[in-house]
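Enquirer: Below is the structure, and that's it, no one-letter string:
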């Protein structure tokens, strides 16, 4: 009987992943069991290794396997620029684009009066300290274009005013985007920030 | 640098699960890392345990942790009825309904001339042997209402004719189903098999 229970436990745990429900978790587990050697064993091993070793970088909040993440440990990325993001997933998105060559600072969320999240709950004090310690020339705010994201951006800009340049990602038409599908706010922002050719 | 690679490897493996793509696998892995203690460690451990222990039942093809699955090992389920299903997922669905008290036989697919799958590729010969060995009174075919499923059902009924009763799940209106949303084939089947009240 215990064998069936092990499988049920695995299904329950898998169902707690974002994007999987009880039904798709069951399908995933069955798929794994049918590919025990080629997929399930490597996946279990890989997951155990990451679970044992992954941790937050003490400096920027990115995820890595040492006290410092790969980016903070890389001296070539100490170029005087810090890109501020809400979450690690945003940092990964920036890295996939491969265009930013400086370091990051992961806030861990946004300010939110509604949820009672203040500057002390995020890594904002640590950001201010880093700007002083690391000879930072420019802080680039890559926060979401939401009310909370923009509130946070303005708060950080105030905190850092006079210490370094503070900029933010441009707003406008996404590459490959069609005007017909864009919301009014984006079109307004793109028109306001129009550039001469 | 290796730390980042471990995480990338985990994302690649997760993306091979049904229902997850590269993007949702990345989100799932990030979620796991952020819940290392409460979710990722138990999940890795549970997956390793199932990977090490799960195997196919030598008798019926169900998945369990011994040579015989829980159902085949349970003498109370030797009631002379065998339910034939295509896959383990169908067996699990039957067990969730909780209404069948006999044993199962997992074919591992359906006959398919197109894909070159013949009786020897499925567990059909083993089913015929079981019917002789286990004093089976009735074989209930719970196969899909597809062309291949019905071809397989007819083939098995022929093979077992004279040895035991062969029945198949009733076709009709699903419980809770509205006529307006049913296909013509189902309505035809339900009308043909109508019952007097």
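Expert: Received it, and whenever you're ready, just let me know what you need. Only a predicted model underlies this, so the values are computations on that prediction, with no experimental measurement involved. Numbering: from 1, shown residues only, chains lettered A, B, ... in the order given.
Enquirer: and the helix or strand hosting residue A:126, how far from the chain's centre?
Expert: Assigned by DSSP states H and E, residue A:126 belongs to helix A:124-133. Mean-position distance between helix A:124-133 and its chain equals 19 Å (Cα atoms, centre = their mean, to the nearest Å).
Enquirer: do the same with stretch A:92-106
Expert: The answer for stretch A:92-106 is 10 Å, by Cα atoms, centre = their mean.
Enquirer: Phi and psi next, for the closest residue to residue A:125 other than its chain neighbours.
Expert: What sits nearest to residue A:125 in space, not counting adjacent residues and going by Cβ to Cβ, 6 or more residues apart in numbering or on different chains, is residue A:119, at 6.8 Å. For the C-beta atoms, the positions are set from N, CA and C on the backbone; glycine is no exception. Backbone torsions of residue A:119, given as degrees, to the nearest 10, read phi -60, psi -30.
Enquirer: Could you report the neighbour count for residue A:119?
Expert: 16 (other Cβ atoms under 10 Å in any protein chain shown).
Enquirer: List the buried residues in stretch A:14-33.
Expert: A:14-17, A:20, A:24-33 (16 or more other Cβ atoms under 10 Å in any protein chain shown).
Enquirer: got the end-to-end distance for that stretch?
Expert: 13 Å (Cα to Cα, to the nearest Å).
Enquirer: Need the contact partners of it.
Expert: The contact list for stretch A:14-33, computed with Cβ atoms under 8 Å, 6 or more residues apart in numbering or on different chains, reads A:7, A:10-12, A:39-40, A:43, B:17-20, B:24, B:27-28, B:31-32, B:39, B:43, B:47, B:50-51, B:54, B:63, B:87-89, B:92.
Enquirer: and it, how far out from the chain's middle?
Expert: The chain centroid and the centroid of stretch A:14-33 are separated by 25 Å under Cα atoms, centre = their mean.
Enquirer: Could I get the average pLDDT for that stretch?
Expert: For stretch A:14-33, mean pLDDT rounds to 92.
Enquirer: where along chain A do the helices fall?
Expert: A:2-14, A:22-34, A:41-53, A:70-73, A:88-97, A:124-133, A:147-160, A:184-192 (DSSP state H).
Enquirer: got the contact list for residue A:142?
Expert: Contacts of residue A:142 by Cβ under 8 Å, 6+ apart are A:83-85, A:90, A:94, A:168-169.
Enquirer: So which of those residues are in strands?
Expert: A:83-85, A:168 (DSSP state E).
Enquirer: so which of the residues you listed would you say is closest to chain B?
Expert: Among those, residue A:85 lies closest to chain B (Cβ to the nearest Cβ), at 12.8 Å.
Enquirer: I'd guessed that closest one sits against residue A:100; true?
Expert: No. Contact criterion Cβ atoms under 8 Å: residue A:85 and residue A:100 do not qualify, at 10.2 Å.
Enquirer: so what sits against both of these two?
Expert: Common neighbours of residue A:85 and residue A:100 (Cβ under 8 Å, 6+ apart) are residue A:94.
Enquirer: Between those two, point out the one with more neighbours.
Expert: residue A:85 (24 against 18).
Enquirer: Out of the ones in strands among the contacts of residue A:142, which one has the weakest pLDDT?
Expert: Least confident of these in the model: residue A:168, at 90.
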